[in-house]
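> give me a model of this one.
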Amino acid sequence: MRVKPVQKFNPQDAGADNKFYAQAVATGKIDLKRLAYLVSNQSSVREGDCYAVILSMVHNIMDELKQGKIVKLDRLGSFQLSVSSDGVATKEQVTGNIVKDIRINFRPDADMKGTLNTKTVKFTISDSLI
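The predicted model follows:
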């Protein structure tokens, strides 16, 4: 994993000196087709079948989230929707109309947390500005 130094100020102390922090640098993207290809090469299932199953899973995850369910994918983690809204004076005024935004929260499973940590990921410094 690549990291780059980024200088930041302390918003709680405007007079404090800026400090440098490590920031993760993306090295690319992977899409569902590539994941399907990788899965198919690690199993006896054809690439097209893997792709179709992954697409179906994504569709069903979205449908279940819309119904307010927490979607738990063992060894990966859980997805859950959260909302932000305007404040109102009484509980009777709370309706779907005051919702301003929806976010998808992801909580990694213990297996993922245990596998991806500072002891298992090697870091290198990136000269890239990206």
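
> from now on I want contacts and neighbour counts done on CA atoms only, so please keep to that.
Will do.

> which residue is nearest the centroid of this structure?
Phe106 (5.7 Å; CA atoms, centre = their mean).

> find me the pLDDT at it, would you?
pLDDT recorded at Phe106 is 97.

> can you check Leu129 too?
57.

> quick one: strands adjacent to the lowest-mean-pLDDT helix or strand in the chain?
Here the helix or strand of the chain ranked lowest by mean pLDDT, DSSP states H and E is strand 19-25, holding a mean of 87. Next to strand 19-25 in the sheet, as set by DSSP bridges, lie strand 2-8 (antiparallel).

> residues of the partner strand that come out buried?
Within strand 2-8, the residues that count as buried by 16 or more other CA atoms under 10 Å are Arg2, Val3, Lys4.

> any idea how far Lys19 is from the second one?
Spelled out, that is Val3. 16 Å (CA to CA, to the nearest Å).

> circling back to that earlier point, run the chain-centre distance for the next helix or strand after the least confident helix or strand of the chain.
Downstream of strand 19-25, the first helix or strand assigned by DSSP states H and E is helix 32-41. Centre-to-centre, helix 32-41 and its host chain are 20 Å apart (CA atoms, centre = their mean, to the nearest Å).

> next: stretch 27-34.
Per CA atoms, centre = their mean, the displacement of stretch 27-34 from the mean C-alpha position of its chain is 14 Å.

> what does it rub up against?
Stretch 27-34 has contacts (CA atoms under 8 Å, 6 or more residues apart in numbering) with Arg2, Tyr51, Ile54, Leu55.

> which PyMOL command selects the buried ones in those?
The buried residues among those can be selected in PyMOL (16+ other CA under 10 Å) with this line:
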select buried, resi 2+51+54
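
> just the ones in helices from the contacts of stretch 27-34, please.
Tyr51, Ile54, Leu55 (DSSP state H).

> Val121 - how many residues pack around it?
11 (other CA atoms under 10 Å).

> over to the one 5 residues further on?
Ser126 is flanked by 15 other residues according to other CA under 10 Å.

> give me the low-pLDDT residue ranges for the chain?
Across the chain, the ranges flagged by pLDDT under 70 are 128-130.

> swap in 80 and give it another go.
Counting by pLDDT under 80, the chain has low-confidence residues at 127-130.
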